[in-house]
Structures are given as C-alpha cells and as structure tokens.
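Engineer: kindly return the folded structure for what I paste below:
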Amino acid sequence: MISKYTSTTRRFATAMLFATALCFGSSAETLAAKKQAPTTAINLGTASAQELTQLPGIGKAKAEAIVAYRTKQPFQSLDELEQVPGIGSKLLEQLKPHLTLQGGSANALPSGNSPLKPPTAGGR
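Structural biologist: So this is what the prediction gives:
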C-alpha cells in the first residue's frame, strides 16, 4: 500500500508542477508581450528606477542597477549603459531608440525620429 501511495503521490506532484509551469510560463509570456516600449524618450541621467522599467528588457533589478551605476558615475554616453551588469550589446541596441541624455526625464518622441538625432528640416 505504501508504494501505491508513493507512486500516486509522485504522479500527482509531477502533474501539479507541470500545470504550474504552464500557468506561470504563459502568464510571464503574456506580461512580456503586453509590455510596450515607451512613447517618450527616457532620460538615462535622471529617470527613476520605476521609469526605467518601462523600457523593453528592463525589470526592477536592472533598473535599480542602472540607478546605482549612475549614482557612482553619471552617464556621459548611452554606450556606457553596457557597463551595467546584465546589460549587453544586444539589449543596449534595443534600448537606444528609447533613451536620451538630454532634456527632462521624458521628451516626446515624434514618430520616425530617434531621440538621439534631431529631426531635419523638411522632414528629410
């Protein structure tokens, strides 16, 4: 009898773990898919950790790491962001269009214009 309950318990536990993984896995994917990039450029020099979490690929831990790095040494260029633990070149390239080091905490991003380059006269 004990071995019967043991194998039944194992099957049940395995099924529950599998179901839990499916539930949490799909929830995480859904949350990641819903997170959209900000419509304004975020100032890397002044943004709070909460503001930084609006960026794609940046969660609470990375946002706090960015703020900690900036506290020790202010950013002189966006490329310095790669010095923050957890941010590599691939993520940096995804973040650049959404970041600025100029202006206030958030500057409007006109469609089609990068925050790093001013719009040209005549829309060219």
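
Engineer: so, low pLDDT: which residues of the chain?
Structural biologist: 1-5, 7-10, 12-37, 103-124 (pLDDT under 70).

Engineer: kindly recompute the last result at 80.
Structural biologist: Counting by pLDDT under 80, the chain contains low-confidence ranges at 1-39, 103-124.

Engineer: now do the same contact list for residue 99.
Structural biologist: By C-beta atoms under 8 Å, 6 or more residues apart in numbering, the residues touching residue 99 are 41, 42, 43, 44, 55, 78, 81, 115. Using the backbone N, CA and C atoms, a C-beta is placed for each residue, glycine as well.

Engineer: three-state assignment of residue 42?
Structural biologist: Put simply, residue 42 is strand when judged by DSSP: H, G, I helix; E, B strand; the rest coil.

Engineer: you'd agree it is up against residue 98?
Structural biologist: Yes. Under the criterion of C-beta atoms under 8 Å, residue 42 makes contact with residue 98 at 6.1 Å.

Engineer: out of these two, which sits in the more crowded spot?
Structural biologist: Applying other C-beta atoms under 10 Å to residue 42 and residue 98 shows that residue 42 carries more neighbours, namely 24 against 20.

Engineer: where do the helices sit along the chain?
Structural biologist: Listed in chain order, the helices of the chain (DSSP state H) span 2-34, 49-52, 60-72, 89-95.

Engineer: sorry, back to before: what touches both of residue 42 and residue 98?
Structural biologist: With contacts taken as C-beta under 8 Å, 6+ apart, the residues that reach both residue 42 and residue 98 are residue 55.
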